[in-house]
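Chemist: the following block contains a protein sequence and its predicted model.
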Amino acid sequence: MAVPTLAVLFALAGAIFLRTPDDRLIANLIWLAGLLVLGTPVVWRTIRHAAGGHFATDIVASLAIASSFLLAQPLAGLIVVLMQTGGEALERYAEGRASEAVRRLEEDAPRQAHRIVRGLIEDVPASAIVPDNLLLVRPGEMFPCDGTVVSGTSHVDTSRLTGEPVPARAVSGTALMSGTLNLEGALEVRATATSQASQYARIVEMVRSASASKAPLQRLADRYAVWFTPVVLLVCAVAWILSGDPTRVLAILVVATPCPLILATPVAIIGGINRAAARQIIMKTGGALEQLSAVRVAVFDKTGTLTVGRPEVSDVVSVEPFTPPDILRLAGALEQHSSHALARSVVEAAMRQHEFLPTPTDVVEDPGSGISGHVEGRSVSVGGRDYVAGRIGTRIDVDTVAAFNRVGLHAHVAIDGSPAGVIEFADQVRPSAAAVVSDLRSLGLRRVVLLSGDHAPNVNTVARAVGIDEAVGDLRPGEKLERVGELSAVEGPVMMVGDGTNDAPALSRAAVGVALVGHGGGVTADAADVLILNDDLSRLAEAMSISARTMRIARQSIRIGLALSGIAMIAASAGLIAPVAGALLQEGIDVAVILNALRASVPARHGKTALRQLRRPFPDRNREGFPTAPGTAPLHLWSGSNPGIGP
């Protein structure tokens, strides 16, 4: 804001010397100095842009500045400088800060590795690892490179890369990628690639190249300037031919200085950004808000986006004489002392049904397999089928105990040496997901696509539940990136909605990347253009509605301003308006444009909206009170089993 501020100071300094006619020369000299100092960079920048083939809104303004200098009308030119640079300052403010996704990814990359050489462990930089090195990966550490497990047992979090929320079992022979997080047990791993050639490094490079390949945004103002600037120049030429008066030409240029183009969009966008922020939607740049209104294709990630992203208890199947409430209460009490990733879900489900959970005793946990102990004097075991069978003392006959032969993600429970039942888990579809997909179509989207790293059967199940016709599973981050690029080439601006590191390349490549960051954002927040802070997917349609309304107001403001400028141009070409008076008149037009554009900062009070904002469907409940997707049976989103939990 330094240049607009200086323009005001120069104008006021010269006005001080207008108290007597004799001082007008001093005033003009001050204004001329201000015009030279502040106007020259504006004109020079326009010349450079024009030489590069970029003809935008500043051409008429630069012509007005140059003409005011040549015709000794410095005050008029100084006012034009104020309007031009003030509008540019507003645009810079609306544009905000750039994404720091690549920097965040590089910071999160593992820096150190533990290499095993002749039985000794040495700490080396991750960049020093070469294929066939033997590495030790301790609990809580990220794999520094792609590799294969040689020995050890653990669960690993692959959600950064695949989006799959359930930890995977890692045993000898399991192939793992860099960026995977080791959760509980130490693993010896044989490196199969250098860190620079591993999956995590490829994600970093994909984000970098995707950001660079994103199509540049053509500003709304520049689209109007394409035809408005030639019209102004034509009117100037006709006025010059008919009158031969250069002052009339200057007056036309001054009143035609496209301040409505310069001011309307940034003022409206700033208002829209503030309006969105009040709804916990962060538009990181003005360009993101503008592009969001042009999106016609939406691409969703599955896990953590359309689904909750964390497995919850979906059902409890009991074996007589035990009942589901008894099983959940005793298992929940025992799981309070478990380190397993699913233990918290069991405890939370038990707490929803029972206000108090007893404290277990004699707790012994076999990490990755199960946990046993005593609850109120009763022996309780929870874990995989083989683990629970071992606690019972004999293998479970699946023919006679059918509950223990169920597929999907589940934990077996034994009480007092007898099979008691099975606790089933499922990643729940967000209650609002189907309504959001419907709302997006109501807002004019042509296609809604689901792209996920999860297994295809799970992806298709979620797609059907939320009303999406196009769904593809088993995709790696690079494949998601390619799909988004293909859609962008065919359909135009694409919106990508995700929440994990594996989504970062696609978020960067899309015209608008939207991230749900209610539980922390990290690199996903850096790669995205729009952040939804409260993890409420329904805010997505609201963000698009705010964007569409903001740009509608911006276009309306531009048209109003250009219409008023057109009337003023006709009056100036007839000699009815002097240059200084024209500059002041243009300021009045600017005020009208700004006041109209400011409507973007307040909620719409009237009119129909495609958003059904009051529609907040509550999840249905199954017979035991556990949430399911609205109108559906419980969604079991894992077709396979987890060796540490299921059969």
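Modeler: Cool, got the structure. Numbering: from 1, shown residues only.

Chemist: and the helices in the stretch 301-450 of the chain?
Modeler: According to DSSP state H, counting those that start in this stretch, the stretch 301-450 of the chain carries its helices in the segments 324-335, 343-353, 385-392, 433-442.

Chemist: domain ranges for the chain?
Modeler: Segmentation of the chain into domains, based on automatic domain parsing, reads 111-212, 312-426.

Chemist: I'd like those domains as a markdown table, with mean pLDDT, distance to residue 464 and mean neighbour count appended.
Modeler: To be clear about C-beta, it is placed using only N, CA and C from the backbone, and glycine gets the same treatment. Formatted as a markdown table, the domains of the chain follow (pLDDT from 0 to 100; distance: least, C-beta to C-beta, whole Å; neighbours: other C-beta atoms under 10 Å):
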| stretch | mean pLDDT | distance to residue 464 | mean neighbour count |
| --- | --- | --- | --- |
| domain 111-212 | 82 | 18 | 19 |
| domain 312-426 | 82 | 15 | 19 |
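
Chemist: for residue 440, find the nearest of the ones you listed.
Modeler: When these are compared by C-beta to C-beta, domain 111-212 sits nearest residue 440, at 20.5 Å.

Chemist: and that closest one, how far out from the chain's middle?
Modeler: The chain centroid and the centroid of domain 111-212 are separated by 27 Å, computed with C-alpha atoms, centre = their mean, to the nearest Å.

Chemist: wait, residue 600 touches residue 268, no?
Modeler: Yes: using C-beta atoms under 8 Å, residue 600 makes contact with residue 268 at a distance of 4.3 Å.

Chemist: now residue 41: which helix or strand?
Modeler: helix 40-51 (DSSP states H and E).

Chemist: that helix: what's the following helix or strand?
Modeler: Going down the chain from helix 40-51, the next helix or strand is helix 58-70, by DSSP H and E.

Chemist: in that following helix, what counts as buried?
Modeler: By 16 or more other C-beta atoms under 10 Å, the buried positions in helix 58-70 come out as 58-69.

Chemist: where does the stretch 451-600 of the chain dip in pLDDT?
Modeler: 500-501, 518-526 (pLDDT under 70).

Chemist: picking that back up, neighbour-wise, which of residue 600 and residue 268 wins?
Modeler: Using other C-beta atoms under 10 Å as the criterion, residue 600 and residue 268 rank with residue 268 on top: 33 against 27.

Chemist: by contact count, what packs against the helix or strand hosting that one?
Modeler: Using DSSP H and E, residue 268 sits within helix 259-278. Contacts defined by 3 or more C-beta pairs under 8 Å, 6 or more residues apart in numbering; DSSP states H and E place helix 259-278 against helix 74-95, helix 220-243, strand 281-283, helix 286-292, helix 539-573, helix 579-597.

Chemist: tell me what angle the longest strand along the chain forms with helix 324-335.
Modeler: For the chain, the longest strand by residue count, based on DSSP state E, is strand 418-426. Interaxial angle, strand 418-426 versus helix 324-335 (axes from the mean of the first three to the mean of the last three C-alpha atoms, to 10 degrees): 80 degrees.

Chemist: please compute how far strand 418-426 lies from its chain's middle.
Modeler: For strand 418-426, the distance to the chain centre is 38 Å (C-alpha atoms, centre = their mean).

Chemist: could you do stretch 68-76 as well?
Modeler: 48 Å.

Chemist: then stretch 473-480?
Modeler: Computed by C-alpha atoms, centre = their mean, the chain-centroid distance of stretch 473-480 equals 18 Å.

Chemist: please apply the same query to stretch 532-543.
Modeler: The chain centre lies 10 Å from the centre of stretch 532-543; the measure is C-alpha atoms, centre = their mean.

Chemist: swap in stretch 583-600?
Modeler: 33 Å.

Chemist: now do stretch 570-586
Modeler: Taking C-alpha atoms, centre = their mean, one finds stretch 570-586 lying 47 Å from the centre of the chain it belongs to.

Chemist: how long is that stretch end to end?
Modeler: 14 Å (C-alpha to C-alpha, to the nearest Å).

Chemist: re earlier: which residues do residue 600 and residue 268 both contact?
Modeler: Common contact partners of residue 600 and residue 268 (C-beta atoms under 8 Å, 6 or more residues apart in numbering): 550, 553-554.

Chemist: specify which member of the residues you listed is nearest to residue 484.
Modeler: Taking C-beta to C-beta as the measure, residue 484 lies nearest residue 550 of the shared contacts of residue 600 and residue 268, at 24.6 Å.

Chemist: my guess is that closest one meets residue 271, correct?
Modeler: Yes: in this structure, residue 550 is within contact of residue 271 by C-beta under 8 Å, at 6.8 Å.

Chemist: other residues contacting stretch 549-565?
Modeler: 220-221, 224, 228, 255-256, 258-261, 263-265, 267-269, 271-272, 275, 289-290, 293, 586, 589-590, 592-594, 596-597, 599-600, 604.

Chemist: how far does it sit from its chain's centre?
Modeler: The answer for stretch 549-565 is 29 Å, by C-alpha atoms, centre = their mean.

Chemist: just the C-alphas of it, formatted as CSV.
Modeler: The C-alpha coordinates for stretch 549-565 follow below in CSV (Å, rounded to 0.1, in the frame of the first residue of the first chain):
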residue,chain,number,x,y,z
ARG,A,549,-22.2,-15.6,-5.4
THR,A,550,-19.0,-13.6,-5.0
MET,A,551,-18.1,-13.8,-8.7
ARG,A,552,-21.7,-13.0,-9.7
ILE,A,553,-21.4,-9.8,-7.5
ALA,A,554,-18.0,-9.0,-9.0
ARG,A,555,-19.4,-9.3,-12.6
GLN,A,556,-22.4,-7.2,-11.7
SER,A,557,-20.1,-4.5,-10.1
ILE,A,558,-17.9,-4.5,-13.2
ARG,A,559,-20.9,-4.1,-15.5
ILE,A,560,-22.3,-1.3,-13.4
GLY,A,561,-18.9,0.5,-13.3
LEU,A,562,-18.3,0.1,-17.1
ALA,A,563,-21.8,1.3,-17.9
LEU,A,564,-21.3,4.5,-15.8
SER,A,565,-17.8,4.9,-17.3
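
Chemist: buried residues in it, which are they?
Modeler: Buried residues in stretch 549-565 (16+ other C-beta under 10 Å): 549-551, 553-558, 560-562, 564-565.

Chemist: circling back: which one of the domains of the chain lies closest to residue 3?
Modeler: Among these, domain 111-212 comes nearest to residue 3, with 29.8 Å by C-beta to C-beta.

Chemist: any idea how far residue 142 is from residue 181?
Modeler: When distance is defined by C-beta to C-beta, to the nearest Å, residue 181 is 5 Å away from residue 142.

Chemist: now swap in residue 410 and tell me
Modeler: 29 Å.

Chemist: endpoints of stretch 460-477, how far apart?
Modeler: End-to-end distance for stretch 460-477, by C-alpha to C-alpha: 19 Å.

Chemist: what about that stretch, distance to the chain center?
Modeler: When C-alpha coordinates are averaged (C-alpha atoms, centre = their mean), stretch 460-477 and its chain have centres 19 Å apart.

Chemist: likewise stretch 29-42?
Modeler: Per C-alpha atoms, centre = their mean, the centroid offset for stretch 29-42 relative to its chain is 43 Å.

Chemist: may I see the buried residues of that stretch?
Modeler: For stretch 29-42, by 16+ other C-beta under 10 Å, it's 30-32, 34-35, 38-39, 42.

Chemist: let's have the shared contacts of residue 600 and residue 268 in TSV, adding distance to residue 469.
Modeler: Shown next, in TSV, are the shared contacts of residue 600 and residue 268 (distance: C-beta to C-beta, whole Å):
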residue	distance to residue 469
550	30
553	34
554	33
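
Chemist: and the contacts of stretch 61-81?
Modeler: Stretch 61-81 is contacted by residues 3, 7, 10-11, 14, 28, 31-32, 34-36, 38-39, 42-43, 46-47, 83-84, 246-247, 249-250, 253-254, 256-258, 262, 579-580, 582-584, 586-587 when judged by C-beta under 8 Å, 6+ apart.

Chemist: buried subset of these?
Modeler: Among these, those buried by neighbour count (16+ other C-beta under 10 Å) are 3, 7, 10-11, 14, 28, 31-32, 34-35, 38-39, 42-43, 46, 83-84, 247, 249-250, 253-254, 256-258, 262, 579-580, 582-584, 586.
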